[in-house]
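Asks: Quick check, what structure comes out for this input:
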Amino acid sequence: HSSPVVVRDEAQAVIVTNGVLTLSVSKEQFSLFSSLRVGNQSIFGQATGIQIFPAEGDPVSTRVLPPTSIKIEEQGPLRAVIKVSGRFAAVHDNSLEYICSITVFAGQELVKVRLWLRNTGAYGYNLPQGQSQWFAFDGVAVDLDLKPLLQSDGALVFSEGVDSRVGADDTWRVAQYGESPDYKSMHFAIEHNGKQLAAGHHTTGITRIRSGETSLTVAVRHFWQNYEKAITLQDQRLSLWLWPRFGEWPRTTSSRGA
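Replies: Here you go, the predicted model:
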């Protein structure tokens, strides 16, 4: 390939290049990407990371603790996979683990991220009463710090065929709502500063942000199928809500707290 993937395992970070982008994953704090550059343009800032919102207490970021493991799982001219794992600090008796897989492809301005949460405490329906260590949480978001990308006059945001100019102090989001009370009630909404721009049954949620000559497109797999989700742009931070805080488990026979 004319632009092969090259991986450098350095003392403080793993650095991946593929001819069109350069990505760095820090060994000192897991901020997802400690840097991502496409050409000469820096895309993300240092505040990028993954946040979890416990049912009680303050949100906790993966940036608080260094990862426990960074492995180069695949390394070849066409593709490289970096696998990172660690724990959320002072949450669930340190029993809440994250596992993140980052894939870069030769010559493509594309990064694929897969994220898992794992409860390493005792859990299961058949354990004696009081021994299950369930973890209750209210939300999970991948936060992308877009300060290096966004210009002072804001950005153009496109989703579901609708575009709007979002200023630095604006709030924009696309949200998919679940079953309440049944499948037919599923719906999505796109809002800018609280004003609804579009609505319908379901959406892929694919969102593109353009600032100057650079654009960033984000997509979340199964955006509407399995659970409520959302993508928000606020305070120059793009948040991919894998479990939005407004979400309810999509069952017609249960609700929050039941």
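Asks: Show me the residue sitting in the middle of the protein in space.
Replies: residue 142 (2.7 Å; Cα atoms, centre = their mean).
Asks: so what's residue 175 closest to, chain neighbours aside?
Replies: Of all residues not flanking residue 175 in the chain, residue 230 sits nearest, at 4.1 Å (Cβ to Cβ, 6 or more residues apart in numbering). Heads up, the C-betas are built off the backbone N, CA and C, glycines and all.
Asks: can you pull up the bridge partners for that neighbour?
Replies: As for beta bridges, residue 230 partners with residue 175, residue 241 under DSSP bridges.
Asks: Go ahead and confirm it touches residue 177.
Replies: No. In this structure residue 230 lies outside contact range of residue 177 using Cβ atoms under 8 Å: 9.2 Å.
Asks: Between those two, point out the one with more neighbours.
Replies: Taking neighbours as other Cβ atoms under 10 Å, residue 230 and residue 177 compare with residue 230 leading, 25 against 21.
Asks: list the contacts for that one?
Replies: 173, 174, 175, 176, 205, 239, 241, 244, 246 (Cβ atoms under 8 Å, 6 or more residues apart in numbering).
Asks: now do 7 Å
Replies: Residues near residue 230 by Cβ atoms under 7 Å, 6 or more residues apart in numbering: 173, 174, 175, 241, 244.
Asks: Please read off the pLDDT at the third one from the model.
Replies: Looking at residue 175, its pLDDT reads 97.
Asks: Could you check how far it is from residue 125?
Replies: Residue 175 is 32 Å from residue 125, where distance means Cβ to Cβ, to the nearest Å.
Asks: More neighbours: the two, which one.
Replies: Ranked by neighbour count (other Cβ under 10 Å), residue 175 and residue 125 place residue 175 first, with 20 against 5.
Asks: who are the neighbours in contact with the closest residue to residue 26 other than its chain neighbours?
Replies: Sequence neighbours aside, residue 34 is the residue nearest to residue 26 in space, at 3.8 Å (criterion: Cβ to Cβ, 6+ apart). For residue 34, the contacting residues are 13, 24, 25, 26, by Cβ under 7 Å, 6+ apart.
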